[in-house]
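Trainee: build me a structure from this.
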Amino acid sequence: MFKLIRTVDRIPQKFLKHIESTDGLYEIRIKVGSDIYRVFCCFDKGKIVILFNGFQKKSQKTPKKEIDKALRLKNEYFNNKKGD
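Mentor: Model prediction:
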């Protein structure tokens, strides 16, 4: 998946999807056998992929608590970066 992100300009939405109503939060979709996993991420300066929380998806809808956690981690990352 990371090789795909690194080498392809337009990644198919089935692998990388923008989370609606968020400012730059994405969901990496990974399928291993019959299990489906999601890892939230964002891009820093368009080239660096910052990974946040991940979870095993067991339903159609992404749990709001996981999105909230990812948004909190994203905000922490950029707030800490401002302090450097």
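
Trainee: so residue 16 makes contact with residue 5?
Mentor: Yes: when contacts are counted by C-beta atoms under 8 Å, residue 16 is listed as touching residue 5 (6.8 Å). (Each C-beta comes from the backbone N, C-alpha and C, glycine too.)

Trainee: mutual contacts of the two, please.
Mentor: The overlap between the contact sets of residue 16 and residue 5 (C-beta atoms under 8 Å, 6 or more residues apart in numbering) consists of residue 28.

Trainee: those two: who's more crowded?
Mentor: The neighbour comparison of residue 16 against residue 5 (other C-beta atoms under 10 Å) goes to residue 16, with 18 against 15.

Trainee: show me the beta-bridge partners of that one.
Mentor: Counting by DSSP bridges, residue 16 is bridged to residue 28.

Trainee: contacts only, for it.
Mentor: 5, 26, 27, 28, 29 are the contacts of residue 16 under C-beta under 8 Å, 6+ apart.

Trainee: grab the longest helix from the protein for me.
Mentor: helix 64-83 (DSSP state H).

Trainee: show residues contacting it.
Mentor: The set of residues external to helix 64-83 that reach it, using C-beta under 8 Å, 6+ apart, is 19, 22, 24, 25, 38, 40, 42, 44, 50, 52, 53, 55.

Trainee: hmm, 10 Å instead?
Mentor: Here helix 64-83 makes contact (C-beta atoms under 10 Å, 6 or more residues apart in numbering) with 19-27, 38-42, 44, 50-55, 57, 62-63.

Trainee: buried subset of the residues you listed?
Mentor: Among the contacts of helix 64-83, those scoring as buried are 19, 25-27, 38-42, 52-55, 57, 62 (criterion: 16 or more other C-beta atoms under 10 Å).
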